[in-house]
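In: Here you go, sequence then predicted model.
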2 protein chains.
Amino acid sequence: MSGWLCIAGLGPGDPHLVTPEVTAAIDAATDVVGYIPYVARIAPRAGLTLHPSDNRVELDRAAAALAMAAAGRQVVVVSSGDPGVFAMASAVFEALENQPDWQQLDIRVLPGITAMLAAAARAGAPLGHDFCAINLSDNLKPASLIEARVRAAAEADFAMAFYNPRSASRPHTFGRILALLRSICGPDRLITFARAVSTPDEQIRTVSLAEATPEMADMRTVVLVGNAATRRVGRFVYTPRSAV
Amino acid sequence: MSGWLCIAGLGPGDPHLVTPEVTAAIDAATDVVGYIPYVARIAPRAGLTLHPSDNRVELDRAAAALAMAAAGRQVVVVSSGDPGVFAMASAVFEALENQPDWQQLDIRVLPGITAMLAAAARAGAPLGHDFCAINLSDNLKPASLIEARVRAAAEADFAMAFYNPRSASRPHTFGRILALLRSICGPDRLITFARAVSTPDEQIRTVSLAEATPEMADMRTVVLVGNAATRRVGRFVYTPRSAV
């Protein structure tokens, strides 16, 4: 049997949010490759080799997975959420650029439930109108570009989802983002902190920008910011379909 | 048994992209409510009543679903894709605003694979960096706001996904959006037209903005626009994780 590579999204954590397409790919695989906590979600079985690797080695991991597929293995690269949203799909294509011989391989991306949409569902419908997804990590882009995009999105009244809002290595940048948002959107704009969505550690909390503090976010949190019309109804928060 | 309401995302069309959570909700339901072509995707069975309704009656449909749940029925409102992305979740919360008596009902939103992420997966990873989702329908917002948001997103170098790019009632507005994009992003920017993703009618086509014409989109198409770094690798199109 010839090799193939799937880049698959495991969703935010709950096994009931994994698509049957992804489950079938994992069932058919000889090798599963990914970041340690994501590979830990795959049940071991005979005939399946698990290849967990550390964070920030995405390109090496992608190249190793492609090499295995080129050697005839059936390989699934697992990502949390959706593989095309701040995850492994782009890393695999980047590795593929460096290895034209592998571009004819059987490669497929299998979508998953991305964190912002799982978080929005738990909160209500805060992304129910035009919205932006922004990665706040400055690992692969300058902080000035992040701030410029947040400013543009806020000024155009998009709802927003922030991935990787805060980490130990940059504890202060998220505070600057909150200050920027307050200056453009005012103190009453609603912001939702969704931590570890769909896992036993899940915490969902909606506050106003005036009440929001950087400590409400960590690396397991996705942050959702409403647009000017976003409001509460009962225990939910939602953004109307209409702009006015 | 007391009533409940789930607002569930069926994904873009392929049954293998429906989450087990959504399948379980439909299996437990007494009533399924939704737009005619989405309800048509639900297998009839004894004990399940299907309530298909026409387009553009979202608020009436939402109120009817809430009334059934309040009367003790187990109700699933189905959307294509994800219910929180230009779909039924916001309509249900809008209806709930008008009926405070119903705000204590057991209501849950069940996420699904939204069209832009299914389309991105098929194309490669064109949304692999910061991106915006914009509904181009002027049914619920002015055309001037749509153009202002597209301009802001393009100037801040977001990748973009457009829902409802074109319809029979507004055949010319998408041409204006393409012209606006060409003026900001230049002729070489990559744009992907993804029609009927994951169905037997699927068509995926990536061209440059210079080659793009309005006729490449219809109401079954989601359109993905890359950022300045988006490029082809083999038969795929992807946006690098790095901003530069």
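Out: Here it is on my side, so go on. Only a predicted model underlies this, so the values are computations on that prediction, with no experimental measurement involved.
In: now A:A28, nearest residue through space, not along the chain?
Out: A:Q74 (6.0 Å; CB to CB, 6 or more residues apart in numbering or on different chains). Where C-beta positions appear, they are placed from N, C-alpha and C, glycine not excepted.
In: What is the neighbour count of that neighbour?
Out: 21 (other CB atoms under 10 Å in any protein chain shown).
In: now do A:A210
Out: 11.
In: and what of A:G234?
Out: By other CB under 10 Å, the burial measure for A:G234, its neighbour count, is 16.
In: Name all residues that make contact with the residue nearest to it when sequence neighbours are not counted.
Out: Using CB to CB, 6+ apart and skipping the chain neighbours, the partner closest in space to A:G234 is B:Q103 (3.3 Å). Counting by CB atoms under 8 Å, 6 or more residues apart in numbering or on different chains, B:Q103 touches A:233-235, B:96.
In: Alpha carbons only: can I get the helix or strand encompassing A:V22 in CSV?
Out: When elements are assigned from DSSP states H and E, A:V22 belongs to helix A:20-28. Only the C-alpha atoms of helix A:20-28 are listed here, as CSV (Å, rounded to 0.1, in the frame of the first residue of the first chain):
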residue,chain,number,x,y,z
PRO,A,20,-16.0,10.8,11.8
GLU,A,21,-13.6,11.7,8.9
VAL,A,22,-10.7,12.3,11.3
THR,A,23,-11.6,9.2,13.4
ALA,A,24,-11.5,7.1,10.2
ALA,A,25,-8.1,8.5,9.2
ILE,A,26,-6.6,7.7,12.6
ASP,A,27,-8.1,4.2,12.5
ALA,A,28,-6.4,3.7,9.1
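In: packing partners for it?
Out: Applying 3 or more CB pairs under 8 Å, 6 or more residues apart in numbering or on different chains; DSSP states H and E, we find helix A:20-28 packed against strand A:4-9, strand A:74-79, strand A:106-110.
In: May I see those organised as a markdown table, with mean pLDDT added?
Out: Compiled in a markdown table, these are given as follows (pLDDT from 0 to 100):
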| stretch | mean pLDDT |
| --- | --- |
| strand A:4-9 | 98 |
| strand A:74-79 | 98 |
| strand A:106-110 | 98 |
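In: can you list these in JSON lines and add distance to B:P111?
Out: Output for the helices and strands packed on helix A:20-28, formatted as JSON lines (distance: least, CB to CB, whole Å):
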{"stretch": "strand A:4-9", "distance to B:P111": "12"}
{"stretch": "strand A:74-79", "distance to B:P111": "16"}
{"stretch": "strand A:106-110", "distance to B:P111": "16"}
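In: Looking at these, which is nearest to B:L59?
Out: Nearest to B:L59, of all these, is strand A:4-9, at 32.8 Å by CB to CB.
In: any idea how far A:G128 lies from chain B?
Out: From A:G128 over to chain B the distance is 3 Å, taken as CB to the nearest CB, to the nearest Å.
In: That residue against A:P240, yeah?
Out: Yes. Counting by CB atoms under 8 Å, A:P240 is a contact partner of A:G128 at 6.8 Å.
In: which stretches of chain A form helices?
Out: Here chain A has its helices, by DSSP state H, at A:20-28, A:36-39, A:58-70, A:88-97, A:115-123, A:143-155, A:173-185.
In: and the third one, how far out from the chain's middle?
Out: Distance of helix A:58-70 from its chain centroid, counting by CA atoms, centre = their mean, to the nearest Å, is 21 Å.
In: so which of the helices of chain A gets nearest B:I184?
Out: Shortest distance between B:I184 and those, using CB to CB, is found for helix A:143-155: 12.3 Å.
In: what comes into contact with the closest one?
Out: A:132, A:134-136, A:138, A:160, A:173, A:176-177, A:180-181, A:184-185, A:225, B:130, B:132, B:152-153, B:155-158, B:243.
In: Could you tell me the angle between it and helix A:173-185?
Out: Angle, helix A:143-155 to helix A:173-185, by axes from the mean of the first three to the mean of the last three CA atoms, to 10 degrees: 30 degrees.
In: CA atoms only: put helix A:143-155 into PDB for me.
Out: Taking C-alpha atoms only, helix A:143-155 is exported to PDB below (Å, rounded to 0.1, in the frame of the first residue of the first chain):
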ATOM      1  CA  ALA A 143       4.200  42.900  18.000                       C
ATOM      2  CA  SER A 144       3.600  46.100  15.900                       C
ATOM      3  CA  LEU A 145       1.800  44.100  13.200                       C
ATOM      4  CA  ILE A 146      -0.400  42.400  15.800                       C
ATOM      5  CA  GLU A 147      -1.400  45.800  17.200                       C
ATOM      6  CA  ALA A 148      -2.100  47.200  13.800                       C
ATOM      7  CA  ARG A 149      -4.400  44.300  12.900                       C
ATOM      8  CA  VAL A 150      -6.300  44.600  16.300                       C
ATOM      9  CA  ARG A 151      -6.700  48.300  15.700                       C
ATOM     10  CA  ALA A 152      -7.900  47.800  12.100                       C
ATOM     11  CA  ALA A 153     -10.400  45.100  13.200                       C
ATOM     12  CA  ALA A 154     -11.700  47.200  16.100                       C
ATOM     13  CA  GLU A 155     -12.100  50.400  14.000                       C
END
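In: chain center to it, what's the gap?
Out: For helix A:143-155, the distance to the chain centre is 19 Å (CA atoms, centre = their mean).
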